[in-house]
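**Student:** Need coordinates for the following:
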Amino acid sequence: MGIEKLHLEDALEDSPQTRSLLSVFEKDAMTLKKYTTGLHNCCQRIMKAQNELCAATQSLSQHLRDFEIQKFPLESDDSVLSSTLKQFSSYLDDVSSIQQVLSAQFSETMMYPLSRFLQADLEEVTTLCEMYQIASNEHDSAMNRYMRLPKKKESERQKSEYNEELYLMRKKFHQTSLHYYSSLNALQYKRKCSLLEPVMGYLHAQRAFFQMGQDAVGKKEIEDFLNNISTSVQGVQQELQTETKKTVELIDSLEQQSAHLYHAEPMVDMPYIPPNTTLTQKAGYLYVRRGKHFHVPGPIGKQLIATKWERCFFFTVGGNLMSQARDEVISTNTKKLAGSLVLDLNEPGVLAEPHESDDRRFVFQIVSPKNKRNVVLQAENEREKDEWICTLNNIVRESGYVKGKGGGPQAKPKERTSSSSSMSKPGSGSVSPDQASISSMSSTGAVPKTPAPTPSSSFVADAPIQFDLLTPTSQNGGVAPSLPGPPNPEPRINPFDQSANEVLDTLDSAIDNSTFVESFVVRFLGSMEVTTDRGEKLVHETMRQIMAARAIHNVFKMTESRLVVSSEAMRLIDPATNTLRTTFALADISFWAAHPENTRLFGFITRTKPPGATNSTFSCHVFECNISAEEICQAIGTATKLAFQALMQRKESDGEDPTGEDEGEEHPPPEHPAA
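**Tutor:** Predicted coordinates for the structure are as follows:
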């Protein structure tokens with residue numbers, strides 16, 4: 001039989017999941033008590049009302065049919081008990097035609113088992129429930145007093161008293177929980193016996209004392225049915241006895257195995273258990289320090305911090321540290337996982353380390369330099385503290401970040417036949433205001449140089465992240481026109497790219513006038529709107545936000561394309577169909593940079609001015625490649641530089657001033673600090 005049971009091994013841990021499962025059993029017991037009370041009332045009505053026997057029997061029959069609509073949380077819709085009670089109800093419809101019944105027989109064979117089940121078993125569950133709540137509250141109070149102990153040596157006597165108090169309360173709570181859980185488990189077996197025995201006794205009484213009911217209840221099929229039910233009940237009782245014996249043995253074993261866990265801080269005479277430093281997952285209760293700032297008015301403003309410690313259930317999942325209140329469970333409507341995110345352990349620089357606290361022991365902290373945040377936690381003892389620190393640092397190491405280890409020295413990009421000059425810093429660069437005027441071909445004014453932004457002020461509030469490939473040509477109304485280069489040059493093809501010719505065959509008309517062409521395999525990760533057109537830190541922060549968003553929302557799909565960088569524009573080609581997906585005009589690309597640690601990530605910022613708008617908008621696009629991202633950034637720098645030189649040559653041939661006196665001072669690509 002598939003009977004649901006509470007796991008006694010989880011009684012001491014008392015996790016939120018165990019509490020949630022316990023609430024289901026408690027609800028089932030309450031529903032069972034309500035149903036059994038109704039069954040008891042029906043049987044009592046039969047015993048007391050001789051003249052109303054037919055009506056009382058019919059009421060009992062109907063009540064048995066109602067079992068299947070009670071919606072017991074632990075009872076399946078097609079259970080044997082439900083079908084058996086249905087069969088009983090059909091026989092009771094025949095019994096309703098019988099006139100009278102002996103009250104003494106009813107009291108002995110029908111009322112006694114049911115009353116015993118109500119008064120002994122169900123009331124025991126109710127009493128144990130109250131004792132469990134009291135023991136839980138006492139344990140929490142003892143735990144709070146123990147965890148508030150100061151570190152002063154003068155309080156050693158108090159520490160011993162509180163530790164002993166916690167030992168007693170925890171032991172009491174564990175023992176109460178074990179007996180409570182075992183009673184609820186046994187109730188699942190007793191329900192099958194206690195609900196079937198009264199009805200079976202009623203039918204036996206009818207057959208024994210009423211000759212008039214021989215035709216109604218003395219059929220051979222009823223006799224066979226009752227024999228089968230009796231055998232089934234005896235089998236359930238034997239299972240209950242076997243389960244009770246196993247439960248008693250398990251309780252004794254668990255009490256012996258958990259003896260060292262009753263003390264929060266192990267006693268001196270207990271054997272030393274070293275912490276497990278190889279864990280990559282851990283869960284348990286910790287105290288977390290929460291603070292609140294208060295401003296004191298006056299000539300010199302002061303900040304007061306009020307701190308309090310809260311006990312929460314912490315666990316690690318998917319590289320994240322989560323917390324959960326004890327009563328927080330999985331929602332039955334939304335099916336969302338309970339728990340809230342405390343810290344993303346995949347962020348660079350995250351470190352767990354011991355922390356000295358003035359008022360508490362066994363304190364450690366998790367430092368996140370990226371978010372400038374410290375999470376201060378307290379464990380029960382030194383072993384738990386060390387295990388938590390090792391586990392968190394193991395997770396951080398698995399994510400690829402180690403404190404004090406910066407990005408390794410980047411490999412020097414190989415020489416390319418298409419590169420005519422190098423950027424001031426490999427892996428990053430920007431377009432100067434004069435280069436930004438390539439598409440306009442005008443000398444009406446210079447684009448002012450935007451100061452370097454800070455990441456905290458460079459993102460649009462609530463800006464959505466675009467995970468699908470966005471097509472600028474659909475917004476701008478078409479591909480930017482090609483610009484002529486020096487007379488009769490031979491296009492420069494990347495000699496290290498064996499598949500470049502496949503792409504060039506589809507772009508002959510687009511690159512006829514290009515003096516520089518290189519192609520790369522890239523995958524689009526996402527893009528988002530920013531408030532400025534340049535900044536290395538801005539590009540790196542955009543990469544971090546996009547990668548974090550993909551992990552949080554489980555976005556794994558990436559669009560693979562062939563990126564063709566030429567002195568005319570940057571184009572993304574569908575490698576499967578050799579069709580043009582989108583074009584980025586060089587005039588619209590204001591800044592590009594590679595990731596300082598992940599050498600396969602790079603991004604660039606584009607400017608867009610919608611029709612009728614007075615100001616331009618800026619977007620940062622992030623890609624992943626198979627080679628070093630610095631090579632792609634160097635190719636973009638070479639392409640923009642050649643395009644700028646072509647513009648200057650064209651101005652000279654048209655008789656314009658190449659120095660751009662009417663446009664303002666020429667700004668070379670800005671210098672960037674080394675990573």
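**Student:** Please enumerate the helices of the stretch 251-400 of the chain.
**Tutor:** For the stretch 251-400 of the chain, applying DSSP state H, counting those that start in this stretch gives helices covering 382-399.
**Student:** ok, which stretches of it are strands?
**Tutor:** Assigned by DSSP state E, counting those that start in this stretch, the stretch 251-400 of the chain shows strands spanning 283-296, 302-317, 320-324, 340-344, 351-354, 363-368, 373-378.
**Student:** Mean neighbour count and distance to residue 32 added to those strands, as TSV?
**Tutor:** C-beta coordinates here come from the backbone N, C-alpha and C atoms, glycine included. TSV is the format used below for the strands of the stretch 251-400 of the chain (neighbours: other C-beta atoms under 10 Å; distance: least, C-beta to C-beta, whole Å):
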stretch	mean neighbour count	distance to residue 32
strand 283-296	14	32
strand 302-317	14	30
strand 320-324	20	30
strand 340-344	16	35
strand 351-354	16	47
strand 363-368	19	46
strand 373-378	18	42
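**Student:** For residue 544, which of those is the nearest?
**Tutor:** Residue 544 sits nearest to strand 340-344 of all the strands of the stretch 251-400 of the chain, at 10.2 Å, using C-beta to C-beta.
**Student:** need the next SSE after the strand or helix carrying residue 181, C-terminal direction.
**Tutor:** Element membership for residue 181, per DSSP states H and E: helix 156-209. Toward the C-terminus, helix 156-209 is succeeded by helix 214-217 as the next helix or strand (DSSP H and E).
**Student:** Give me the contacts around that following helix.
**Tutor:** Contacts of helix 214-217 with the rest of the structure, by C-beta atoms under 8 Å, 6 or more residues apart in numbering, involve 91, 94-95, 97-98, 203, 206-207.
**Student:** What of stretch 167-183?
**Tutor:** 6-8, 11-12, 14, 22, 121, 124-125, 128-129, 131-132, 135-136, 138-139, 141-143, 244, 247, 251, 254-255, 258, 261-264.
**Student:** now with 7 Å?
**Tutor:** Defining contact as C-beta atoms under 7 Å, 6 or more residues apart in numbering, one finds that stretch 167-183 is touched by 6, 8, 11-12, 124-125, 128-129, 131-132, 135-136, 138-139, 142, 247, 251, 254, 258, 262-263.
**Student:** count of neighbours near residue 267?
**Tutor:** Using other C-beta atoms under 10 Å, residue 267 has 12 other residues around it.
**Student:** Let me fix that, I meant to ask about residue 222.
**Tutor:** Residue 222: 17 neighbours (other C-beta under 10 Å).
**Student:** Okay, and it sits in which element?
**Tutor:** Per DSSP H and E: helix 220-257 holds residue 222.
**Student:** what's the distance between residue 556 and residue 629?
**Tutor:** Distance, residue 556 to residue 629, using C-beta to C-beta, to the nearest Å: 21 Å.
**Student:** meant to ask about residue 342
**Tutor:** Remark: distance between residue 342 and residue 629 (C-beta to C-beta) = 32 Å.
**Student:** now swap in residue 539 and tell me
**Tutor:** On the measure of C-beta to C-beta, residue 539 and residue 629 end up 11 Å apart.
**Student:** Which pLDDT value belongs to the residue nearest to residue 390 when sequence neighbours are not counted?
**Tutor:** Closest residue to residue 390 apart from its sequence neighbours, by C-beta to C-beta, 6 or more residues apart in numbering: residue 277 at 4.2 Å. Reported pLDDT at residue 277 in the predicted model: 86.
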